[in-house]
Structures are given as C-alpha cells and as structure tokens.
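[1] Predicted structure and sequence below. I'll ask about it afterward.
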Amino acid sequence: MIVLARMATTGIYLLRGASRDLQRTARQRAVREGTTLRSVLLRGLREYAAGTWTPRPDADVSEVPRGH
C-alpha cells in the first residue's frame with residue numbers, strides 16, 4: 001500500500017506528485033470560492049467513495065499546464 005499523503009509538521013497535507021504550484025493554485029481557487037482545499041478534497045473523496053463520481057479512465061492525471 002502506498003501512502004498518498006502525509007501530515008507535515010505545519011499541518012498541511014502534502015500529496016506525492018503534486019507540485020507546490022498546483023496545490024497553491026487549487027488553494028487560491030478554493031479561497032476565491034469561499035471554501036478550503038481540505039473541503040474540496042474531502043468532498044471529492046466522499047463522492048468517489050459513494051460512487052457518485054468516477055474519474056474518466058482516459059483522464060490524464062498529470063498536472064494541468066500553467067495558464068490553464
């Protein structure tokens with residue numbers, strides 16, 4: 001089993017393979033939308049676990065290029 005996240009000493013969850021830029025951009029969007037990155041990630045996990053959201057099998061899991 002691969003650990004996907006770990007708790008940093010700062011209390012921030014670090015995702016393996018996700019750049020700081022990606023996390024920062026996602027966090028900024030969450031703030032603009034009046035939520036938190038934690039809430040966004042938890043909702044995604046809940047929806048996936050409940051079977052109400054499934055990633056497309058052909059979806060590219062690499063990071064979105066800058067400017068998108």
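    Sure, I can see it. Note that the structure is a prediction, hence the values are computed from the model and not measured.

[2] Output the below-cut-off pLDDT ranges for the protein.
    Along the chain, the model assigns pLDDT under 70 to residues 1-14, 59-68.

[3] hmm, 50 instead?
    Scanning the chain for pLDDT under 50 picks out 1.

[4] can you give me the helices in it?
    Assigned by DSSP state H, the chain shows helices spanning 20-32, 37-50.

[5] want to try JSON lines for the ones you listed, with distance to Pro57 and mean neighbour count as columns?
    Backbone N, C-alpha and C define where each C-beta goes, glycine included. As requested, the helices of the chain are exported to JSON lines (distance: least, Cβ to Cβ, whole Å; neighbours: other Cβ atoms under 10 Å):
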{"stretch": "helix 20-32", "distance to Pro57": "22", "mean neighbour count": "12"}
{"stretch": "helix 37-50", "distance to Pro57": "14", "mean neighbour count": "12"}
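
[6] With distance to Arg56 as extra columns, can I get the ones you listed in CSV?
    As requested, those are exported to CSV (distance: least, Cβ to Cβ, whole Å):
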stretch, distance to Arg56
helix 20-32, 19
helix 37-50, 13
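
[7] Nearest to Asp58 among those helices would be which one?
    Across the helices of the chain, the minimum distance to Asp58, taken as Cβ to Cβ, is reached by helix 37-50, at 17.0 Å.

[8] Who are the packing partners of that closest one?
    Identification of packing neighbours for helix 37-50 by 3 or more Cβ pairs under 8 Å, 6 or more residues apart in numbering; DSSP states H and E yields helix 20-32.

[9] Could you name the helices and strands sitting against the helix it packs on?
    helix 37-50.

[10] Would you mind giving the orientation angle of the helix it packs on with respect to helix 20-32?
    Between helix 37-50 and helix 20-32, the angle comes out at 90 degrees (axes from the mean of the first three to the mean of the last three Cα atoms, to 10 degrees).

[11] and Arg16, how far is that from Ala49?
    Arg16 sits 20 Å away from Ala49, going by Cβ to Cβ, to the nearest Å.

[12] Kindly report the same for Asp58.
    22 Å.
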